[in-house]
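Visitor: give me a model of this one.
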Amino acid sequence: MARFRTFARRTTGALAAPFRAARRRWRSWSWWRRALLALGLAVAVPAAALGSAFVAIRLQYTGDPSAEAHTRGRDALWLGHAWVDGRKTDADVTALVRQLAGTGIRDLYVHTGPLEHDGSLPPTVHPRARWFTDTVHRALPDVRLQGWLGDEVKPEKDALDLEDAPTRERVTASARQVLDLGFDGVHFDMEPIRPGSAGWLALLDQVRPVTAARDAKLSVAAPQIDPVPGLHTAGILLTDHGKWWDRAYFTETARRVDQVAVMTYDTSMPTEPLYGGYVALQTELALEATPAGVDLLIGLPFFWDDKWGHWGDAETVSAAVRGVRLGLGRQDPGRRNFGVALYVDFAATPEHWAAYRRGWVEV
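Guide: Down below sits the predicted model:
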């Protein structure tokens, strides 16, 4: 037993020797040298973690898309406010019909708001809405028209307060107003809603029976899902901005609606492969989080911007479509109630439409 204790002490001492030497060396250094090392570690550790995350995202863009990953005829297009305020004419509808011919677009989200900060919807903001619904229903009888309503949201913005019951009542009345204009559904895009908002879920619970009673659809534009668990919490703490939702809150939202469109753009990804890999990851996460009976659409950037949050040369339609196909093929290639949503008509170029057709429709 004594020999065992002696062996144990020697072994422990041998293992601890390098640590004791390192401690002596650390104590011998000047304060500025210690500070420099600490600063280097503080920079190196997050940089290594970020580098690993970029590598993982880039790997999402590798491989060949599944042959089953293509349009199911359930795609959507966001349309700007000009369609309901008097700027568009019958000639524009004719051009829209030509543009949509041969695509997979079934839903049009038509900007009919914006809502007032109290949740109401003045009729003066959409004087030509009835003309639009009547004209497009005749020209495109198989396409659904959804009134797109939105506003900025508290607490991040001094605007719509979804935690306030009277405000939710007015938003519900605005949804009825949109359906009375001949729309086939209501599409909410309210930003930025922070995960955990009870008011948002309560609003959806309140509006869903209204749309269901009219045999209409309720759809929402949703933020991206945390690519790393807890990232939404860190983002709010560091920037006071809610960019992502956690998966559980995404599911809570999705199960209250008929259709959810993920806004998979403005990602800060600096290259096409990174952006496409990020879209592939978001597609997989959204497929996992969306109930089987709910339509899921992945948003594509039909616009150009070039800033920190959106690198125009990176966030291309081609990269997004390839990412969608990779994610769908890996996660659920047989899912039928799936599509892409194109944002937005007034900023789209012929190149955007060609990339969508080539990469998603004509596969």
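
Visitor: break down the stretch 151-300 of the chain into its helices, ranges please.
Guide: Using DSSP state H, counting those that start in this stretch, the helices of the stretch 151-300 of the chain run over residues 165-180, 198-213, 231-239, 247-254, 272-289.

Visitor: counting contacts, what elements does the first one pack onto?
Guide: Yep, that's helix 165-180 we're talking about. strand 144-152, strand 185-191, helix 198-213 (3 or more Cβ pairs under 8 Å, 6 or more residues apart in numbering; DSSP states H and E). Yep, even glycine has a C-beta here, placed from its N, CA and C like the rest.

Visitor: try the fourth one
Guide: Taking 3+ Cβ pairs under 8 Å, 6+ apart as contact, the helices and strands that helix 247-254 lies on are helix 198-213, strand 217-222, strand 259-262, helix 272-289.

Visitor: please name the nearest non-neighbouring residue to residue 256.
Guide: residue 204 (4.0 Å; Cβ to Cβ, 6 or more residues apart in numbering).

Visitor: what about the one you found, neighbour count?
Guide: Using other Cβ atoms under 10 Å, residue 204 has 19 neighbouring residues.

Visitor: picking up where we left off before, got JSON lines for the helices and strands packed on helix 165-180, with distance to residue 303 too?
Guide: Putting the helices and strands packed on helix 165-180 into JSON lines (distance: least, Cβ to Cβ, whole Å) gives the following:
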{"stretch": "strand 144-152", "distance to residue 303": "16"}
{"stretch": "strand 185-191", "distance to residue 303": "15"}
{"stretch": "helix 198-213", "distance to residue 303": "26"}
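
Visitor: if I look at the residue lying closest to residue 343 once chain neighbours are set aside, how far off is residue 177?
Guide: Leaving out its chain neighbours, the residue that sits closest to residue 343 by Cβ to Cβ, 6+ apart is residue 78, at 4.8 Å. Relative to residue 177, residue 78 is positioned 20 Å away (Cβ to Cβ, to the nearest Å).

Visitor: which one's more surrounded, these two?
Guide: residue 78 (26 against 20).

Visitor: so where does the more buried one fall, helix or strand?
Guide: strand 75-79 (DSSP states H and E).

Visitor: residue ranges with poor pLDDT in the stretch 101-250 of the chain?
Guide: 231-242 (pLDDT under 70).

Visitor: which residues touch residue 163?
Guide: Counting by Cβ atoms under 8 Å, 6 or more residues apart in numbering, residue 163 touches 154, 197-199.

Visitor: can you give the contact residues for stretch 88-106?
Guide: 71-77, 82-83, 128, 132, 135-136, 139-140, 142-144, 339-340, 342, 353, 356-357, 360-361.

Visitor: now, of those, which are buried?
Guide: Neighbour-count burial (16 or more other Cβ atoms under 10 Å) is assigned, among the contacts of stretch 88-106, to 71-72, 74-77, 83, 128, 132, 135-136, 140, 143-144, 339-340, 342, 353, 356-357, 360-361.

Visitor: which of those residues fall within strands?
Guide: Counted as lying in strands by DSSP state E, out of the buried ones among the contacts of stretch 88-106, are 75-77, 144, 339-340, 342.

Visitor: spatially central residue in this protein, please.
Guide: Nearest to the mean C-alpha position of the chain, counting by Cα atoms, centre = their mean, stands residue 263 at 2.9 Å.

Visitor: chain neighbours aside, what residue packs nearest to that residue?
Guide: Residue 263 sits nearest to residue 299 (Cβ to Cβ, 6+ apart), 4.8 Å away.

Visitor: kindly compare burial across the helices and strands packed on helix 165-180 and name the winner.
Guide: strand 185-191 (a mean of 25; mean count of other Cβ atoms under 10 Å).

Visitor: contact partners of it?
Guide: Applying Cβ under 8 Å, 6+ apart, the set of residues contacting strand 185-191 is 107, 109, 144-153, 160, 162, 175, 178-179, 200, 203-204, 207, 211, 216-221, 223, 258-259.

Visitor: what does stretch 126-137 give?
Guide: 81, 83-86, 88, 90, 93, 96, 108, 110, 112-113, 143, 145, 147, 178, 181-183.

Visitor: which among these count as buried?
Guide: Buried among the contacts of stretch 126-137 (16+ other Cβ under 10 Å): 81, 83-85, 88, 93, 96, 108, 110, 112-113, 143, 145, 147, 178, 181-183.

Visitor: where's residue 186 relative to residue 143, distance?
Guide: 16 Å.

Visitor: oh sorry, the question was meant for residue 133
Guide: In this view, residue 133 and residue 143 are 11 Å apart by Cβ to Cβ.

Visitor: before we move on, what about residue 304?
Guide: 26 Å.

Visitor: thought the residue nearest to residue 256 was touching residue 253?
Guide: Yes - using Cβ atoms under 8 Å, residue 204 is in contact with residue 253, at 6.8 Å.

Visitor: before we move on, what's the pLDDT of residue 73?
Guide: Per-residue pLDDT puts residue 73 at 98.
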